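K.L.:
Just the structure for this:
(one chain, ligands or ions: 1)
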Amino acid sequence: MRDSPEGLAHLAELIRSRRSIDLFEPEPPGTERLLEAIELARWAPNHRLTEPWRFYVIGERTAAAIVDLAVEVERAAKGDAAAEARRRRWGAIPAFFVVTCMRSDDPLREREDYAACCCAVQNLMLYMWKSGLGVKWTTGAVTREPRFFEIVGIDADAESVVGLFWYGRPRVVPTQKRRDVGEIVVERP
Ligand SMILES: Cc1cc2nc3c(=O)[nH]c(=O)nc-3n(C[C@H](O)[C@H](O)[C@H](O)COP(=O)(O)O)c2cc1C
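P.N.:
Numbers count the residues shown, from 1 in each chain. Below you'll find the model as predicted:
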């Protein structure tokens, strides 16, 4: 599939402009775009066609329990003031989803499956971005809590958490930078 120069430039701009979003407009984004994005996520490359990804679309009740857990984790680590700050911050996240990866006894397969899940997540995030929705990928302490697995209903023996994702319409789009390409490319004859 070969695109026009304009099409290519649009794709490049989509990839370059996507940002991790921290601050969102308050309205709930709904799940329609997310479900479309998940349909696209699964077209990511995956070795041996293991399709190792699972997507948990989180409703209001589960989201509230996740926020409560995040607040309690913060309280235990840093005390009441930090916990209340976290409640304000996490209370402003319009919606969540969770991506997990099926575990394997084979370390190579597990590594390849995790890589495939990361490719799937990027597919998803780019589609969301193109539709006007921002996403933040998080892997903080909350995602390693046994209670988190219980709340979301993830079988910890069978799946590992790739991330807890925040999403919604961006209120602020941060700037980012990357190293020059010359610093990361090694050419060989
Ligand atoms: C595997 C993974 C885990 C991440 N976990 C967190 C996190 O826990 N908290 C956070 O603020 N950002 C997290 N991020 C987002 C990165 O901080 C972000 O991608 C980076 O700052 C570059 O910004 P950009 O995505 O806007 O280019 C994570 C990203 C990846 C790929």
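K.L.:
With the ligand in mind, check whether the longest helix anywhere in the chain reaches it.
P.N.:
What stands out as the longest helix in the chain, according to DSSP state H, is helix 107-130. No: judged by C-beta under 6 Å from any ligand atom, helix 107-130 stays clear of the ligand, getting no closer than 7.0 Å. Where you see a C-beta, it was placed from the backbone N, CA and C, and this is true even at glycine.
K.L.:
the longest strand in this protein is where?
P.N.:
strand 159-168 (DSSP state E).
K.L.:
Only the C-alpha atoms, please, for that strand, written as PDB.
P.N.:
Provided in PDB are the C-alpha atoms of strand 159-168 (Å, rounded to 0.1, in the frame of the first residue of the first chain):
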ATOM      1  CA  GLU A 159      -1.700 -12.400  32.600                       C
ATOM      2  CA  SER A 160       0.700  -9.600  33.300                       C
ATOM      3  CA  VAL A 161      -0.300  -5.900  33.200                       C
ATOM      4  CA  VAL A 162       1.100  -4.000  30.300                       C
ATOM      5  CA  GLY A 163      -0.400  -0.700  31.600                       C
ATOM      6  CA  LEU A 164      -3.200   1.200  33.100                       C
ATOM      7  CA  PHE A 165      -4.200   3.800  30.600                       C
ATOM      8  CA  TRP A 166      -5.800   7.100  31.100                       C
ATOM      9  CA  TYR A 167      -7.800   8.600  28.300                       C
ATOM     10  CA  GLY A 168     -10.000  11.500  27.300                       C
END
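K.L.:
on that earlier part again, quick one: list the elements packing against the longest helix of the chain.
P.N.:
helix 5-17, helix 32-41, strand 53-57, strand 95-102, strand 134-138, strand 159-168 (3 or more C-beta pairs under 8 Å, 6 or more residues apart in numbering; DSSP states H and E).
K.L.:
Understood, closing this out.
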